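> structure, please.
(chains A and B)
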Amino acid sequence: MQRAIVDQDLQAFDAGLAKRQNEINQWEVGNKMDTLFIYQQMLIILSAVIIMAYLLKNGILSTTVFWSLTGILAAIFAFTVANRAQWTDRIRDTRYWNRRQFPVKMNPIPTISICD
Amino acid sequence: MASFCPTNTTSYSLTDYQNAAYSGGLIELMSPSADRDSKTNLLTDEACAIVYNTLVINDTKAFATNVTSEYCYFSGLYASALQNYMSIIGNASANQEHVHTYSSLTITLMGNLIDISTIVRYIGNKRANDSALQPLSNQMQQSLQTLQNQLGILTSSTKNTALSTNTQLYKEMEKYSRQKAQYTNNLLAFYSFLNITALGMLFYIYRSM
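Just a heads-up that it's a prediction; the model follows:
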């Protein structure tokens, strides 16, 4: 009976270890997907800038319009990167990628008023 | 198997275990929601008293024979189910659903034996002067102790099997998530390449202007 209890403890430990490693892997996947999102947005913006540069070279687009549009696209990209980084760094749960953290000393705890 | 029952184990099928019933026996008289001790899960004295009051024992010998027969019926089923369960859990490629079915049926059949023993012990105490009932009551008392020990081992084994299933599941989940991370690496490498190419093209256009 004692042996059975030890076996159970070992199996529970083994299961806990695999479960935690799975959580770590899932978090890693989430982080990579977020990076992929940034890479995709970067590719879209670069492609747009390439097309605009081609149009600029052929005199179809003025320099002002080119730099204005490039500036807007660069600002969108910078905002996205800053937003994602800030979210992961400060708000995202450190264990589950899809969960957010709430400050421990948040008083009062925010409630949703859906019955107004 | 109890000493007062035949020692040869009859082979039964899964349907026999599932449809196990003894007509006119103590289990049939017992309510499925009978009161049980929260710690030992044994029938309480009140639950035994309800069964005892329902019984009409005119001939103690006939009653003892009937109870022995019922006990041996469930005992035979239990021994066979336990044998099958042991052979299934020994098989590494066993179907987990099958293992669960056999473990729960074995525990149910053992529960019937424990209930019969508890009721007979109660009746034996009530009729302490009845010499025809005392040998059976004593034998049941002994088998109750043995059964309770076996139940502990069986429950522990069932828990072990469940834990092993969980471990297997978590390991598979871990393997899946690791593979998913690897595939995401491929996508990241691909998009890195595309971005570098796009930057190169942009630089080329800038130089040619």
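
> which neighbouring elements make contact with the longest helix along chain A?
Counting residues, the longest helix in chain A under DSSP state H turns out to be helix A:2-57. When contacts are defined as 3 or more C-beta pairs under 8 Å, 6 or more residues apart in numbering or on different chains; DSSP states H and E, helix A:2-57 sits against helix A:63-86, helix B:134-208. Every C-beta, even on glycine, is put in place using the N, C-alpha and C of the backbone.

> which one, of these, ends up nearest to B:Gly76?
Of all these, it is helix B:134-208 that lies closest to B:Gly76, at 13.8 Å by C-beta to C-beta.

> list the helices and strands the closest one packs on?
With contacts defined as 3+ C-beta pairs under 8 Å, 6+ apart, the packing partners of helix B:134-208 are helix A:2-57, helix B:60-89, helix B:96-126.

> A:Ile50 is in contact with B:Ile205, correct?
Yes. At 6.5 Å, B:Ile205 and A:Ile50 qualify as touching, with contact defined as C-beta atoms under 8 Å.

> related to what we said a few turns ago, comparing the helices and strands packed on helix A:2-57, which comes out most buried?
Among the helices and strands packed on helix A:2-57, judged by mean count of other C-beta atoms under 10 Å in any protein chain shown, the one packed with the most neighbours on average is helix B:134-208 (a mean of 15).

> okay, angle between it and helix B:60-89 too, please.
Here helix B:134-208 runs at an angle of 20 degrees relative to helix B:60-89 (axes from the mean of the first three to the mean of the last three C-alpha atoms, to 10 degrees).

> B:Met140 contacts B:Asn125, correct?
No. Contact status for B:Met140 versus B:Asn125: not in contact, 11.3 Å apart, counting by C-beta under 8 Å.

> measure the nearest residue to B:Arg127 once chain neighbours are set aside to B:Leu55 for me?
Beyond its immediate neighbours in the sequence, the residue positioned closest to B:Arg127 (C-beta to C-beta, 6 or more residues apart in numbering or on different chains) is B:Leu133, lying 5.5 Å away. For B:Leu133, the distance to B:Leu55 equals 12 Å [C-beta to C-beta, to the nearest Å].

> now A:Arg100: phi and psi?
Backbone dihedrals for A:Arg100, given as degrees, to the nearest 10, come out at phi -110, psi 160.
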